[in-house]
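J.: The sequence isn't on hand, but the structure is:
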């Protein structure tokens, strides 16, 4: 917020209303979201599957631009975590 105030005081930005120190109410949502960081996805699962079909990961893909012979636009993939069978 201090840096934003400095930019405003030196007329280096346009279209931003004056911001009081520490006041986040006038900061645009896109600026806040752009500064967020996500934690990395873990390489190992905390609860690894110990038998077949205990955990199945699934994903849906589509709509596809080109339809299949049966006019489908989507497909689903499923992977068993234990066996890695797709």
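T.: It's in. From a predicted model like this one, the values you see are computed outputs, not experimental measurements. Numbering: from 1, shown residues only.
J.: Give me the mean pLDDT for the lengthiest helix in the chain.
T.: If you go by DSSP state H, the chain has its longest helix at helix 2-9. Averaged across helix 2-9, the pLDDT comes to 78.
J.: Could you do stretch 67-83 as well?
T.: 92.
J.: now do the same end-to-end measure for it.
T.: Terminal residues of stretch 67-83 lie 31 Å apart, using C-alpha to C-alpha, to the nearest Å.
J.: Name the residues that touch it?
T.: 45, 48-64, 85-86 (C-beta atoms under 8 Å, 6 or more residues apart in numbering). Backbone N, C-alpha and C define where each C-beta goes, glycine included.
J.: among those residues, which are in strands?
T.: 56, 57, 58, 59, 60, 61 (DSSP state E).
J.: Neighbour-wise, which one of those leads?
T.: residue 56 (13 neighbours; other C-beta atoms under 10 Å).
J.: List the contacts of that one.
T.: 78, 79, 80, 81.
J.: Per the annotation, how does the protein divide into domains?
T.: As assigned by automatic domain parsing, the chain contains the domains 2-34, 40-86.
J.: Tell me how many other residues crowd the spatially closest residue to residue 13 that is not a sequence neighbour.
T.: Counting by C-beta to C-beta, 6 or more residues apart in numbering, residue 7 is the residue found nearest to residue 13 once chain neighbours are left out, at 4.8 Å. A count of neighbours around residue 7, defined by other C-beta under 10 Å, yields 13.
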